[in-house]
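> Pasting the sequence and the predicted model now:
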Protein chains: 2
Amino acid sequence: MVSNEVNQYIEKLIPARSEHVLKMEQYAKQHDVPIMELSGMETLLTYVRLKKPARILEVGTAIGYSAIRMALASEASEIVSIERDEERYNIAKENVNVLDLTNRITLLLGDANELQSQVEHYAPYDFMFIDAAKGQYQHFFDHYSTMLSKDGIIITDNVLFRGYVAEEKGLESRRLRSLVKKIRSFNEYIMQHPDYYSSILPVGDGMMVSVRKS
Amino acid sequence: MVSNEVNQYIEKLIPARSEHVLKMEQYAKQHDVPIMELSGMETLLTYVRLKKPARILEVGTAIGYSAIRMALASEASEIVSIERDEERYNIAKENVNVLDLTNRITLLLGDANELQSQVEHYAPYDFMFIDAAKGQYQHFFDHYSTMLSKDGIIITDNVLFRGYVAEEKGLESRRLRSLVKKIRSFNEYIMQHPDYYSSILPVGDGMMVSVRKS
């Protein structure tokens, strides 16, 4: 949503990542695994670094890229991350092993809607990052926000969905139209939610930042 | 830097502001006073709400809009804000009075480079917001970051300068070219600064978020 020139300018200034992190980025590119864009990731990390959360819940591990980046950005944080795709879950496990982060990152395999009791075991969380099936964002938010500590923060990714949410027409696929409708309704729901102050940042694919009212 | 459609979509979802706040926005528009765009302001406020800083330093009050928004967003915060333009300073004073925030917002009149001892009087600050003469950002940062508390955060606005920093050509005015050069060099300086983790957010006019390493 930002011009290529601006995006390239920002990316060029981002400090070098370690070899392992670069390898994950390459893997994602080669295998079409959607991981966060660099500038979205850097934005997410500003909140992690500022909050220094004791415990983070991530919905949507994919190959573990964001969980690992958050763990590396905040040494005191423990992360619980859930993923329903077994192949990705296994790759994430490997990545977490290789980076020697098994003591701080707990990966759970299963559907986010069915893992509640396991996730609850590690609650409360003071930071949540939702980056999973966009059609279910409101379910995820409602299920898991009950486990958020006072003063906690929830960040939900992809809420602008490549800008589609802002356009009235142009989407031919019915599936996409229905998804856009769901994301719009999620955005309205969260922006009016009485328990949170929320803002949509036009960064990456659109990032909803919700700080719990105390 | 974000498409108009996306920007309008985001702005439409932002909760209503109070009458006084809207009046300030109108005044700024009518009198060509540069205040932050709505979505940039909302982004700034996410950090204020998350950090709940005891003391905020703002460099560049203008008419008091951002100081007032920060004060309203975080009831426990006290704000020191400096402005070198006397007319704007007086308008800011009036706005702070009208909103009954004189006990939490202290306005100082003068050049940021000459107010150090007065500013120091209220130090340390755990949140700083720099939104003033862009050519002097590095001076401001170096002068005032010494007053930042451990785990503090510094946000610097306008670091993408309408995207000019990312373009190689097209600027005819020598003054603008020189300003772009200074902002670029500030950005490189901060992104490599050993004491801060920094990220540039492509929000509003570009926002540098720097979290002090602890």
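Yep, that arrived.

> which helix is the longest one in chain A?
helix A:174-191 (DSSP state H).

> in it, what counts as buried?
Within helix A:174-191, the residues scored as buried using 16 or more other C-beta atoms under 10 Å in any protein chain shown are A:Leu179, A:Val180, A:Lys182, A:Ile183, A:Arg184, A:Phe186, A:Asn187, A:Ile190, A:Met191. (Glycine included, C-beta is placed from N, CA and C.)

> can you tell me which of those are up against chain B?
A:Asn187, A:Met191 (C-beta under 8 Å from any C-beta of the partner chain).

> quick one: which of the buried residues of helix A:174-191 is nearest to chain B?
A:Met191 (4.5 Å; C-beta to the nearest C-beta).

> Isn't the closest one up against B:Glu11?
No. Between A:Met191 and B:Glu11 there is no contact under C-beta atoms under 8 Å: 11.2 Å.

> rewinding a little: CA atoms only for the longest helix of chain A, dumped as PDB, please.
Presented in PDB, the C-alpha positions along helix A:174-191 are these (Å, rounded to 0.1, in the frame of the first residue of the first chain):
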ATOM      1  CA  ARG A 174     -17.200 -14.600  -4.400                       C
ATOM      2  CA  ARG A 175     -14.900 -16.200  -1.800                       C
ATOM      3  CA  LEU A 176     -12.800 -13.000  -1.800                       C
ATOM      4  CA  ARG A 177     -15.800 -10.800  -1.500                       C
ATOM      5  CA  SER A 178     -17.100 -12.700   1.400                       C
ATOM      6  CA  LEU A 179     -13.700 -12.600   3.100                       C
ATOM      7  CA  VAL A 180     -13.500  -8.800   2.600                       C
ATOM      8  CA  LYS A 181     -16.900  -8.500   4.200                       C
ATOM      9  CA  LYS A 182     -15.800 -10.400   7.200                       C
ATOM     10  CA  ILE A 183     -12.600  -8.400   7.600                       C
ATOM     11  CA  ARG A 184     -14.600  -5.100   7.300                       C
ATOM     12  CA  SER A 185     -17.000  -6.300   9.900                       C
ATOM     13  CA  PHE A 186     -14.100  -7.400  12.200                       C
ATOM     14  CA  ASN A 187     -12.500  -3.900  11.800                       C
ATOM     15  CA  GLU A 188     -15.800  -2.200  12.700                       C
ATOM     16  CA  TYR A 189     -16.400  -4.500  15.600                       C
ATOM     17  CA  ILE A 190     -12.900  -3.900  17.100                       C
ATOM     18  CA  MET A 191     -12.800  -0.100  16.500                       C
END
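
> ok, then the element right after it?
The helix or strand immediately downstream of helix A:174-191 is strand A:196-201, counting by DSSP states H and E.

> Would you mind getting the angle between the helix or strand just after that following strand and helix A:174-191?
Using DSSP H and E, the helix or strand that directly follows strand A:196-201 along the chain is strand A:207-212. Per axes from the mean of the first three to the mean of the last three C-alpha atoms, to 10 degrees, the angle that strand A:207-212 makes with helix A:174-191 is 30 degrees.

> Tell me how far strand A:207-212 lies from the chain's centre.
In terms of C-alpha atoms, centre = their mean, to the nearest Å, the centre of strand A:207-212 is set 12 Å apart from its chain centre.

> just stretch A:59-70 next, same as before
Using C-alpha atoms, centre = their mean, the offset of stretch A:59-70 from its chain centre is 8 Å.

> Now A:Thr156: which helix or strand?
strand A:148-157.

> Pick out the residue nearest the middle of chain A.
A:Asp131 (3.6 Å; C-alpha atoms, centre = their mean).

> Could you check how far it is from A:Gly60?
4 Å (C-beta to C-beta, to the nearest Å).

> Over to A:Val21?
Taking C-beta to C-beta, one finds A:Val21 at 18 Å from A:Gly60.

> One more: A:Lys93?
Distance from A:Lys93 to A:Gly60, by C-beta to C-beta: 15 Å.

> the more surrounded of those two?
Counted by other C-beta atoms under 10 Å in any protein chain shown, A:Lys93 and A:Gly60 do not tie: A:Gly60 has more neighbours, with 23 against 18.

> show me what contacts the more buried one?
A:Ser81, A:Ile82, A:Glu83, A:Ala112, A:Ile130, A:Asp131, A:Ala132, A:Ala133 (C-beta atoms under 8 Å, 6 or more residues apart in numbering or on different chains).

> what's the answer for A:Pro34, then?
Contacts of A:Pro34 by C-beta under 8 Å, 6+ apart are A:Ala28, A:Ala62.
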